[in-house]
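**Q** how would this look folded up:
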Amino acid sequence: MLNISHNQVNKKVTLSGFTSYQKAFKRNHYKYFNNFLKGFSVFGIVILFLPWTQNVTADGYVTTLTPDQRPQTIQSQIPGRIEKWHVREGDFVKKGDTILHISEIKTDYQDPQLVERSRLQRDAKSNSVDSYRQKVGALENQISAIENEWKLKLAQAKNKLQQAHLKVKSDSIDLLATETNYKIAEIQYERSLTLQKEGLKPMTDVEEKKIKIQGSQAKLISQKNKLVSSNNDVINAEIEINRISAEYSDKLAKAQSEKFTALSSQYEAEVETSKLENTTSNYEIRKSLYYITAPLDGYVNKALRAGIGETFKEGESLVGIMPVNYDLAVETFVKPLDLPLIHKGEKVRIQFDGWPAIFFSGWPNASYGTFAGTVVAVETFISSNGKFRVLIAPDAASNPWPQNVRVGSGAYTIALLEDVPIWYEIWRKLNGFPPNYYNPENAEANLNSKK
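**A** Take a look at the predicted model:
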């Protein structure tokens, strides 16, 4: 037994005749095992060449297709105190229904007659605006009257100036005639004096001519005085025109100054009126905010503020509401490595939490309990969890999603990619390579060719 001796008994003594030997050294079981290994190997090799659908899996949850259909909270735009609840959790409310009533906590708005007093102030200031407008109209009429009077006075003064110019012209002509008469009288006097010296004229005739010269000289001096007086009238008329322009310019400037002052007061009153109207509108709107109403038809989920008399700040959530009408969708997140494989219009299989399913990721046709979806949006910026968000909508060409699926339920998504042999997928997994990058148009053409 210990093989100490070189004499081997099994070679000298045959044991084939013993029953125990036949049971212990039976060689038929090797034959079945070998056949099993050969069959399993052939089966394994065949499986390696079977088609396998590459996929991208991700975890997500059920949401709604549009943001306005998702669960939301109702906030108050003003701080306040809860006075009365008009609904209970789980109640159905329509758009505009009162959910709760609040009261004011700021001392600046606690006057019960605040809106009415603001309206009185606004009306008083509005009447002030009307008064200033009437004053401006009166001043405009006064300015118009001053301008008309200025035109008339100026026309009158110009007429006087024209009359003075005509008188100067007339006096100048008369002066020339008087000078001519004076020269004729001198000539006649000299002639009479000459004839008197020759004895042809009497002395009385010479004296008459002398007297005539003196009269002509007096007329000449008088006419010169008239001409000087006429020139003075022209100067006075020009001075009068300047005086009238200065006087009425001063009156017009004063009236316009009063008008601009009234306009300035009117504009200030209009600004104050506008501010009071704004304040009154704000008070009216603030008063309407004392009743928190439903923004849409839905169900009251949860009261985030409870009790009567509890105070809150503006912008704080008071109650949650779920819209009654919504379109389901699935929000899932994929790794950055798999993002280039996801395209809009991509077909996706979805497994919902709570619905039993048997799913083979590589053989979607053999799966049970999954539902079809289509990628409708792919986020272009990475989320806080380090993945990219993908939104999936129901596939209209496939079976509808379960009716009892609720927003917020979990979902497991599988995006179906290219068909490859199983050996290629095993090799890819062992090497850590990503799925094949492909063009959706080529993939669709291949799918059509397969069909």
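**Q** what residues are up against Gly315?
**A** Applying CB atoms under 8 Å, 6 or more residues apart in numbering, we find Gly315 in contact with 75-77. Where C-beta positions appear, they are placed from N, C-alpha and C, glycine not excepted.
**Q** Verify the stated contact: Gln72 with Ser317.
**A** No - contact between Gln72 and Ser317 fails when scored by CB atoms under 8 Å: they sit 9.2 Å apart.
**Q** who does the longest strand along the chain pair up with?
**A** Determined from DSSP state E, the single longest strand within the chain is strand 51-64. Strand 51-64 sits in its sheet next to strand 328-334 (antiparallel), strand 410-421 (antiparallel), going by DSSP bridges.
**Q** ranges for the strands of the chain?
**A** Going by DSSP E, the chain shows strands at 51-64, 72-75, 80-85, 92-93, 98-103, 291-293, 298-303, 311-312, 317-323, 328-334, 347-352, 371-378, 388-394, 410-421.
**Q** Now mean neighbour count too, for these, in CSV please.
**A** Shown next, in CSV, are the strands of the chain (neighbours: other CB atoms under 10 Å):
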stretch, mean neighbour count
strand 51-64, 18
strand 72-75, 16
strand 80-85, 17
strand 92-93, 16
strand 98-103, 18
strand 291-293, 17
strand 298-303, 18
strand 311-312, 16
strand 317-323, 19
strand 328-334, 23
strand 347-352, 22
strand 371-378, 18
strand 388-394, 21
strand 410-421, 19
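**Q** mean pLDDT lowest for which of those?
**A** Ranked on mean pLDDT, the bottom entry among the strands of the chain is strand 410-421, at a mean of 77.
**Q** Dump that strand to PDB, restricted to CA.
**A** Written as PDB, here are the backbone C-alpha positions of strand 410-421 (Å, rounded to 0.1, in the frame of the first residue of the first chain):
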ATOM      1  CA  GLY A 410     -39.500  54.800  -9.500                       C
ATOM      2  CA  ALA A 411     -38.600  53.600 -13.000                       C
ATOM      3  CA  TYR A 412     -35.900  51.600 -14.600                       C
ATOM      4  CA  THR A 413     -35.100  52.500 -18.200                       C
ATOM      5  CA  ILE A 414     -33.200  50.600 -20.900                       C
ATOM      6  CA  ALA A 415     -32.300  52.400 -24.100                       C
ATOM      7  CA  LEU A 416     -32.000  49.900 -26.900                       C
ATOM      8  CA  LEU A 417     -29.000  50.300 -29.200                       C
ATOM      9  CA  GLU A 418     -27.400  48.200 -31.900                       C
ATOM     10  CA  ASP A 419     -27.600  44.400 -32.300                       C
ATOM     11  CA  VAL A 420     -24.200  42.600 -31.900                       C
ATOM     12  CA  PRO A 421     -23.200  39.000 -31.200                       C
END
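**Q** tilt between the longest strand of the chain and strand 317-323?
**A** Interaxial angle of strand 51-64 relative to strand 317-323 (axes from the mean of the first three to the mean of the last three CA atoms, to 10 degrees): 130 degrees.
**Q** Which pLDDT does the model give the residue lying farthest from the centre of the chain?
**A** Largest separation from the mean C-alpha position in the chain: Gly199, at 122.7 Å (CA atoms, centre = their mean). Looking at Gly199, its pLDDT stands at 70.
**Q** quick one, what contacts it?
**A** Contact partners of Gly199, counting by CB under 8 Å, 6+ apart, are absent.
**Q** gap between it and Thr180?
**A** 31 Å (CB to CB, to the nearest Å).
**Q** Check Asn242 too.
**A** Distance from Asn242 to Thr180, counting by CB to CB: 37 Å.
**Q** The longest helix seen in the chain - contacts with which helices or strands?
**A** With secondary structure taken from DSSP state H, the chain has its longest helix at helix 203-288. Helix 203-288 makes packing contacts with helix 114-197 when contacts are defined by 3 or more CB pairs under 8 Å, 6 or more residues apart in numbering; DSSP states H and E.
**Q** Tell me what angle the helix it packs on forms with helix 203-288.
**A** Using the same axes, to 10 degrees, helix 114-197 lies at 170 degrees relative to helix 203-288.
**Q** I'd like to know which elements helix 114-197 is packed against.
**A** Secondary-structure packing of helix 114-197 (3+ CB pairs under 8 Å, 6+ apart): helix 203-288.
**Q** on that earlier part again, quickly name whichever of the contacts of Gly315 is closest to Thr370.
**A** Gln75 (39.1 Å; CB to CB).
**Q** State the distance from the closest one to Phe40.
**A** Using CB to CB, Gln75 is found at 66 Å from Phe40.
**Q** And Pro71, by the same measure?
**A** Counting by CB to CB, the gap from Pro71 to Phe40 is 54 Å.
**Q** So between the two, which is more surrounded?
**A** When Pro71 and Phe40 are compared for neighbours, Pro71 comes out ahead with 17 against 10, by other CB atoms under 10 Å.
**Q** Please name the nearest non-neighbouring residue to Ser265.
**A** Leaving out its chain neighbours, the residue that sits closest to Ser265 by CB to CB, 6 or more residues apart in numbering is Tyr132, at 5.2 Å.
**Q** wait, doesn't that neighbour sit right on Thr261?
**A** No - here Tyr132 lies out of contact with Thr261, judged by CB under 8 Å, at a distance of 9.7 Å.
**Q** Kindly check the end-to-end length of stretch 379-388 for me.
**A** With CA to CA, to the nearest Å as the measure, stretch 379-388 spans 6 Å from end to end.
**Q** Name the residues of it that are buried.
**A** Neighbour-count burial for stretch 379-388, with 16 or more other CB atoms under 10 Å as criterion, is recorded at 387-388.
**Q** for stretch 39-53, same thing?
**A** Going by 16+ other CB under 10 Å, stretch 39-53 has these buried residues: 52-53.
**Q** Check the offset of that stretch from the chain's centre.
**A** On the basis of CA atoms, centre = their mean, to the nearest Å, stretch 39-53 sits 63 Å off its chain's mean C-alpha point.
**Q** Kindly report the same for stretch 138-151.
**A** In terms of CA atoms, centre = their mean, the centre of stretch 138-151 is found 49 Å from the chain centre.
**Q** quick one: contacts of that stretch?
**A** 244-245, 248, 251-252, 255-256, 258-259, 262.
**Q** quick one on the thing from earlier: wait, which of the strands paired with strand 51-64 is closest to Gly345?
**A** Closest approach to Gly345 among the strands paired with strand 51-64 is made by strand 410-421 (11.5 Å; CB to CB).
**Q** Report the inter-axis angle for that closest one versus strand 388-394.
**A** Orientation of strand 410-421 against strand 388-394 (the same axes, to 10 degrees) gives an angle of 90 degrees.
**Q** got the angle for strand 410-421 vs strand 347-352?
**A** Calculated by the same axes, to 10 degrees, strand 410-421 forms an angle of 140 degrees with strand 347-352.
**Q** what's the angle between strand 410-421 and strand 371-378?
**A** Relative orientation of strand 410-421 versus strand 371-378 (the same axes, to 10 degrees): 90 degrees.
**Q** Include distance to Thr311 when you put the strands paired with strand 51-64 into a markdown table, please.
**A** Listed next are these as a markdown table, based on distance: least, CB to CB, whole Å:
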| stretch | distance to Thr311 |
| --- | --- |
| strand 328-334 | 36 |
| strand 410-421 | 38 |
